[in-house]
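Undergrad: Sequence plus predicted model, see below.
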Amino acid sequence: MAGPLTGIKVLDLSRVMAGPWAGQLLADLGADVIKVERPGQGDETRTWGPPFLPGDEGRPDQNSGYYLSVNRGKRSVVADLNTADGQRTVRALASRSDILLENYKVDTLKRFGLDYESLRESCTRLIYCSITGFGQTGPRRAHAAYDFIIQAMGGLMSITGGADDQPGGGPQKVGIPIVDIMTGMYAAVAVLAALERRHRTGAGDHIDLAMFDVQAAFLANQAMNYLLTGKTPIRRGNRHPNIQPQNVFRCRDGYMALAVGNDAQFGKLCEVIGVPELADDARFRTNAGRVRNLPELEPLLAERFAREDALPWVTRLESAGVPAGRINSLGQVFADEQLVERAMLRELPHPRAGTVPNVVSPMRFANAPLEFPRAAPLLGEHTAAVLDELGRARDEGSA
């Protein structure tokens, strides 16, 4: 059975993370995603290692773990945009595509006649998504950006990490390129919304997506806390600013996370740890009281949790309906029986390695189950086949 986007063609001119993440999402959903890469070099992330596929390091078409994580299911075509032939190839691909993803610096593709304005007349149904650090307008439009810089400039690092007066305190980035990933998610949503609009109107669109805007958008409750009060949020480590108790607690053999979401759960927590009277304490009876009186509440909880190992606490809390979990390593994550049952880790076919492990899409469709036919492609692996599809002879070579 085909995925829900079977028949949709995507031209992926993007590199690094945000655009490729969007392209991978669309490929997972069944779209035919053609990734255009530079001859001899390819996507920059091919070199972002170690680790690499075994035996790949130093090859001109090497495959780093980073590259493999964001290009699953695509077809790779090499094309030099600095040449007339490469530009013709991309225009031909665009003419038969439903969606185009690109994350070049503002105005770069205009030099090649591959920007939205240059293509819109001949590709009236094309949905063209431009992903940049700061957008197509504004004083920073021409500035380059990476995820780390946007995490800093966009406020995320000001609310991530321990307080300045705590050991190890200070601004911290998130442990994954979260702005890139969220931008890719927004891009996928945007192009699918434009695709639905095209079904009604027959017209394509140009989507202007900025990482800086995305970072501001997903500040979520922290942004609203500031906008309602004018008070700048501070770094609280693992503590939630609005819901308590939520933190990481040291147990006898390690750590566990606790996330109490309402007053009923707090009552159950108090029963599990053997101090049911805390639930009736005027200071802690309501969530607002627990937030205000957290300095008095947390030491009481910490003292109890330190008496036993993490797993017995987690087991009892889960049984009582209180969300809790151990702090797992990645090895423990992928060995977890829940992920194993859900088949989230799979070995996908790869032309050089045989198979490559991949964490696949979490989306489950009852009537259009997703398939994962291949891992990320080799550089230019599909050039000849795609050129044949464009009606060009194989002996023309790569574009």
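TA: Great, that's in hand. Numbering: from 1, shown residues only.

Undergrad: Tell me which stretches of this structure form strands.
TA: Secondary structure of the chain, counting by DSSP state E: strands at 9-12, 32-37, 75-78, 99-102, 127-132, 205-210, 246-250, 255-259, 324-326, 345-350, 354-359.

Undergrad: Nearest to Y226, out of these?
TA: Closest approach to Y226 among those is made by strand 246-250 (19.5 Å; CB to CB). Every C-beta, even on glycine, is put in place using the N, C-alpha and C of the backbone.

Undergrad: between the closest one and strand 255-259, how many degrees?
TA: 160 degrees (axes from the mean of the first three to the mean of the last three CA atoms, to 10 degrees).

Undergrad: who does strand 246-250 pair up with?
TA: According to DSSP bridges, strand 246-250 forms sheet pairs with strand 255-259 (antiparallel).

Undergrad: Okay, buried residues for the strand it pairs with please.
TA: If you call a residue buried by 16 or more other CB atoms under 10 Å, then strand 255-259 has these buried ones: 256-259.

Undergrad: and if you look at stretch 240-257?
TA: 240, 244-247, 249, 251, 256-257.

Undergrad: Now render these as CSV, adding distance to G204 and pLDDT.
TA: Shown next, in CSV, are the buried residues of stretch 240-257 (distance: CB to CB, whole Å; pLDDT from 0 to 100):
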residue, distance to G204, pLDDT
H240, 43, 88
Q244, 48, 95
P245, 50, 96
Q246, 45, 95
N247, 48, 95
F249, 53, 96
C251, 56, 95
M256, 50, 95
A257, 45, 97
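
Undergrad: if I pick the residue most central in space within the chain, what's in contact with it?
TA: Residue closest to the mean C-alpha point of the chain, counted by CA atoms, centre = their mean, is I181 at 2.5 Å. Counting by CB atoms under 8 Å, 6 or more residues apart in numbering, I181 touches 17-18, 21.

Undergrad: What pLDDT is listed against it?
TA: Predicted confidence (pLDDT) at I181: the value is 98.

Undergrad: now the one 3 residues further on
TA: Turning to G184, the model gives it a pLDDT of 98.

Undergrad: pretty sure it is in contact with W21, am I right?
TA: Yes: the criterion here is CB atoms under 8 Å, and G184 meets it with W21 at 2.9 Å.

Undergrad: quick one: which of the two has more around it?
TA: Taking other CB atoms under 10 Å, G184 and W21 do not tie; G184 has more neighbours (28 against 24).

Undergrad: Thanks again, I'm all set now.
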